[in-house]
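>>> Prediction below, plus the sequence it came from.
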Amino acid sequence: MTEDDRRLVRPYLLANLALTSVTAYFSYAYFHLDEYFQVLEFARFKLGDVQAWSLPWEYTAQMRPWAQPYLYVLVAKGLGIFGLRDPFALAFVFRLLTGLASWGALALFLRTTVPWLATVEEKRLHVRVATLLGFLPYLFVRTSSETASMAAFTAAWAIALEGRRDASLVLSLPRAFLVGILAGLAFEFRFQTVFLALGLFAWLAVIARISPRVLGAMVLGGTAVVASSLLVDHAGYGAWVFPPLTYARTNLLEGVAAFFGADPPFAYAWMLPANLFFPIVVVLLVLAVVAWIRHPRNPLTWTTVPFFLVHNLLSHKEERFLFPMAILATGFVVMAIGPSSGRPLRISAWGWKHRQGVLAASLTAWSTVVMLLLAIWPIGWNHHVRFQRHIYETIGGDLHAYALPDFDLGLPAFHGPVYDVEKQTPEQIAADLDAPGARAWLITDSPSLHTGVGKLDRRATLVWSEVPFFEHPALASFFVRLADGYDAHAKAPLRPIHFRSLYRLDPKPR
């Protein structure tokens, strides 16, 4: 990368770093349950914060890798020397570190790809897309296996291809070994990234004609990581296991993945756009196909096409499964419409001509607004993290509470070692109020309590609620009406909104 290229890239990377850091602080809600229960819950178990009974079924099946949870455990133990044990503060640290790793991978990606472009206009467009694409800061700070593997594999890809000129590439043995280590880490974070690695390996072997010794160094680096992970997984499960094999057997041969839903091939065409970034994702999907057609020998094509096709052929699909290629996907824009290289296509010429038109400006504005919203607003469905933080700060890790029959008893993220919530009818709770050992708390998914049982309604005092401004009834009722209106019309895949609330049960009438 030339000095001019560095001057072009530097301010955009700094902007992305600032956005990622802010998002890491505010984005405490999870995108998917697995972001917490498959990673942070495992880490908290090893830190002694939760018991084995709370771990998901995958722990008993011994099919999840421990590499990422143990990295967080090491960080937490290091911070514990300074007295930091708050699980919510630690979660912020984990999000920030994951975001910084993703940002570092992005920097390496730009260092590799910017010199490939022939004109300043193409470089500027590529840099802007790669650093300011709206969903990236949000994805960067997810403590999920998809984000961790994205960071590790993108770094491997960028280091492997730095200095590439068309099909010409010089790759030293030490650098190839490092690439193998990073690709191995990506695999250990999320096993499906093996298809990204195979695509990269195939391009290096077939197109770049890298020597067998260098390719062997890559394989050796990856093998070293997988072999070392056997020790990590043994420490996690207390037995010698090989999670990649167990994962494949459970999900593919035994068909467990299908229990979580099955979709037809290429369902990602309508699944991926089903989010706040709908117009951006639609355009990016179209540009991905155009980029693949225009550049059939490009390493980005060889790397991403196998990964995308395999995931379309698998029956169970979720949009997060494609997140490991998120940074790589930013390269599709200039590949699809850049005029300096690639097969000439009408759609490419049209796209380049209108890159600063009304459509492009509208997409940029939409992407920016949603990116800033996600940076400061913890969007997430039924996460109840704020509620659990209040429980942690006021009650601690030993919770004994009642719940009404319509309450969701699903184990919440950041629960304490004891999460004892018992469903009872209002009449049963009222009858227990004066009994020895009666529970002192009631948890509901409603900010108001009108059970019709006078004794319970009189002796339940609202302590805290997720409703904005719950201390001010007039303001709180406004938000409740909005949520009720939404819930009345929300159809799948939209989910209802619940405001979790905590009531103190007075032992005697007031």
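That came in fine, so what should we check first? Numbers count the residues shown, from 1 in each chain.
>>> Could you use CA atoms for every contact and neighbour count after this?
Fine.
>>> domains for the chain, by residue range?
Domains of the chain are assigned by automatic domain parsing as 3-376, 385-505.
>>> pLDDT on the first one, on average?
Spelled out, it's domain 3-376. Averaged across domain 3-376, the pLDDT comes to 94.
>>> just to revisit the earlier point, winner for burial among the domains of the chain?
Among the domains of the chain, domain 3-376 has the highest mean neighbour count (mean count of other Cα atoms under 10 Å), at a mean of 19.
>>> That one: end-to-end distance?
From the first residue to the last, domain 3-376 extends over 34 Å; the measure is Cα to Cα, to the nearest Å.
>>> Stretch 269-287 now?
Start-to-end span of stretch 269-287 (Cα to Cα) is 13 Å.
>>> same question, stretch 437-448
Taking Cα to Cα, stretch 437-448 runs 26 Å from one end to the other.
>>> Repeat that for stretch 433-453.
End-to-end distance (Cα to Cα), stretch 433-453: 12 Å.
>>> So what touches that stretch?
Stretch 433-453 is contacted from outside by 400-404, 407-408, 426-427, 430, 432, 457, 460, 465-467, 470, 498-508, using Cα atoms under 8 Å, 6 or more residues apart in numbering.
>>> Narrow the residues you listed to those in strands?
400, 401, 402, 403, 460, 465, 501, 502, 503, 504, 505 (DSSP state E).
>>> where does the last one land on pLDDT?
Yep, that's residue 505 we're talking about. Taking residue 505 on its own, its pLDDT is 92.
>>> mind exporting stretch 106-122 as CSV, just the C-alpha atoms?
Extracted C-alpha coordinates of stretch 106-122, given in CSV (Å, rounded to 0.1, in the frame of the first residue of the first chain):
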residue,chain,number,x,y,z
LEU,A,106,-10.8,-5.0,8.3
ALA,A,107,-7.6,-3.0,8.3
LEU,A,108,-5.7,-6.0,7.0
PHE,A,109,-8.4,-6.6,4.3
LEU,A,110,-8.0,-3.0,3.1
ARG,A,111,-4.2,-3.2,3.2
THR,A,112,-4.4,-6.1,0.8
THR,A,113,-7.3,-5.1,-1.5
VAL,A,114,-6.8,-1.4,-2.0
PRO,A,115,-3.6,-1.8,-4.1
TRP,A,116,-5.5,-4.2,-6.4
LEU,A,117,-7.7,-1.3,-7.7
ALA,A,118,-6.5,0.8,-10.6
THR,A,119,-8.0,4.2,-10.0
VAL,A,120,-8.4,6.6,-7.1
GLU,A,121,-12.2,6.6,-7.7
GLU,A,122,-12.4,2.8,-7.3
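>>> Now do that stretch: distance to the chain's middle.
Mean C-alpha position of stretch 106-122 versus that of the full chain (Cα atoms, centre = their mean, to the nearest Å) differs by 26 Å.
>>> With stretch 22-41 instead?
Per Cα atoms, centre = their mean, the displacement of stretch 22-41 from the mean C-alpha position of its chain is 7 Å.
>>> which other residues reach it?
Residues from elsewhere that reach stretch 22-41 (Cα under 8 Å, 6+ apart): 50, 55-56, 64, 68-69, 72, 91-92, 95-96, 99, 137-138, 141-145, 374-381, 383-385, 413-414.
>>> At which residues are the helices of the stretch 201-350 of the chain located?
In the stretch 201-350 of the chain, the segments counted as helices under DSSP state H, counting those that start in this stretch are 212-237, 243-248, 268-271, 278-294, 299-313, 326-329, 332-337, 346-353.
>>> Doesn't residue 410 lie inside a helix?
No: with DSSP: H, G, I helix; E, B strand; the rest coil as the criterion, residue 410 is assigned coil and is not in a helix.
>>> got a list of what it touches?
By Cα under 8 Å, 6+ apart, the contact set of residue 410 is empty.
>>> got it, and the one 5 residues further on?
For residue 415, the contact set (Cα under 8 Å, 6+ apart) comprises 50, 388, 397.
>>> As CSV, those residues with secondary structure would be great.
Listed next are the contacts of residue 415 as CSV, based on three-state DSSP:
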residue, secondary structure
50, coil
388, helix
397, coil
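>>> From those, pick the one nearest residue 231.
Nearest to residue 231 among the contacts of residue 415 is residue 50, at 22.6 Å by Cα to Cα.
>>> roughly how far apart are the residue lying closest to the closest one once chain neighbours are set aside and residue 442?
Sequence neighbours aside, residue 417 is the residue nearest to residue 50 in space, at 4.5 Å (criterion: Cα to Cα, 6 or more residues apart in numbering). Distance check for residue 417 against residue 442: by Cα to Cα, it reads 19 Å.
>>> so residue 311 makes contact with residue 320?
No: using Cα atoms under 8 Å, residue 311 is not in contact with residue 320; the gap is 11.0 Å.
>>> Distance-wise, check residue 323 relative to residue 192.
Noted for residue 323: a distance of 11 Å to residue 192, by Cα to Cα.
>>> now do residue 305
Taken as Cα to Cα, the span from residue 305 to residue 192 is 13 Å.
>>> Repeat that for residue 182.
From residue 182 across to residue 192, the span is 14 Å (Cα to Cα).
>>> just residue 335 next, same as before
Applying Cα to Cα, the value for residue 335 to residue 192 is 25 Å.
>>> Setting aside sequence neighbours, what's the nearest residue to residue 333?
Per Cα to Cα, 6+ apart, closest to residue 333 is residue 287, 6.0 Å.
>>> now swap in residue 166 and tell me
Sequence neighbours aside, residue 298 is the residue nearest to residue 166 in space, at 7.8 Å (criterion: Cα to Cα, 6+ apart).
>>> three-state assignment of the most centrally placed residue in the chain?
The centroid of the chain falls nearest to residue 142 when counting by Cα atoms, centre = their mean (3.8 Å). Following three-state DSSP, we place residue 142 in the coil state.
>>> Also the one 5 residues further on?
Secondary structure, three-state DSSP: residue 147 is helix.
>>> Spit out the contact partners of it.
Contacts for residue 147 (Cα under 8 Å, 6+ apart) come out as 98, 102, 139, 140, 141, 323, 324.
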